[in-house]
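Novice: have a look at this prediction, sequence included:
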Amino acid sequence: MYAIWTGIEMGLLGTVAMDLWAILLARFAGQPKPNWAMPGRWLAHAFRGKLFHADIAAAKPAAGELHLGWFFHYAVGVIYGVVFAVLAGAGWRADPTFLPLWIYALATIAAGWFLLQPGMGLGWGASKTPNPWKVRGLGLVAHTVFGLGMWIGALVMA
């Protein structure tokens, strides 16, 4: 049970770190903040059986999609944290090291690149966006920040 609580804290802190990073990018680099309504809309449509859209913004809006998107964002972060904490085992949880967590955090971007982005009409790995390599690079940095937040959560719980 301790692994689950550790994973929950790791996932929450990792997701908060990612959100703080997005705020910093918006404030100091002019990067737009994530619009969690669109993943919320995608999730609502996925529950109705439609996973892939040409353009999620053109899909029928879903009731409460912004709240659903934020919930989805944090739920995924928590699930990632719990999965890692359980897989890493008691030895890692007692003495958390960053490298395996960083590799895992980078690997979690695969769900965005190969399910969420194509599902929302952005293409595999954001290939249909105006600057796919920028999107990919920013995603990798954001997942690194997510990993740092999860590591801090693991250190607190150790």
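Specialist: All right, it came through fine.
Novice: can you pull out the helices in the chain?
Specialist: Using DSSP state H, the helices of the chain run over residues 2-29, 37-47, 65-94, 98-107, 109-111, 117-119, 132-157.
Novice: quick one: mean pLDDT for the longest one?
Specialist: When pLDDT is averaged over helix 65-94, the result is 98.
Novice: if we can go back for a sec, next, format the helices of the chain as JSON lines and append mean neighbour count.
Specialist: Where C-beta positions appear, they are placed from N, C-alpha and C, glycine not excepted. As requested, those are arranged in JSON lines below (neighbours: other C-beta atoms under 10 Å):
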{"stretch": "helix 2-29", "mean neighbour count": "18"}
{"stretch": "helix 37-47", "mean neighbour count": "20"}
{"stretch": "helix 65-94", "mean neighbour count": "18"}
{"stretch": "helix 98-107", "mean neighbour count": "16"}
{"stretch": "helix 109-111", "mean neighbour count": "14"}
{"stretch": "helix 117-119", "mean neighbour count": "21"}
{"stretch": "helix 132-157", "mean neighbour count": "19"}
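Novice: for the ones you listed, which one sits closest to A59?
Specialist: The closest approach between A59 and any of the helices of the chain, judged by C-beta to C-beta, belongs to helix 37-47 at 6.0 Å.
Novice: for the closest one, packing partners?
Specialist: helix 65-94 (3 or more C-beta pairs under 8 Å, 6 or more residues apart in numbering; DSSP states H and E).
Novice: can we see that at 10 Å?
Specialist: For helix 37-47, the elements it packs on are helix 65-94, helix 117-119, judged by 3 or more C-beta pairs under 10 Å, 6 or more residues apart in numbering; DSSP states H and E.
Novice: now render those helices as CSV, adding distance to I109.
Specialist: Formatted as CSV, the helices and strands packed on helix 37-47 follow (distance: least, C-beta to C-beta, whole Å):
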stretch, distance to I109
helix 65-94, 11
helix 117-119, 10
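Novice: now distance to D55 too, for the helices of the chain, in JSON lines please.
Specialist: Written out in JSON lines, the entries for these read as follows (distance: least, C-beta to C-beta, whole Å):
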{"stretch": "helix 2-29", "distance to D55": "22"}
{"stretch": "helix 37-47", "distance to D55": "10"}
{"stretch": "helix 65-94", "distance to D55": "15"}
{"stretch": "helix 98-107", "distance to D55": "28"}
{"stretch": "helix 109-111", "distance to D55": "20"}
{"stretch": "helix 117-119", "distance to D55": "11"}
{"stretch": "helix 132-157", "distance to D55": "16"}
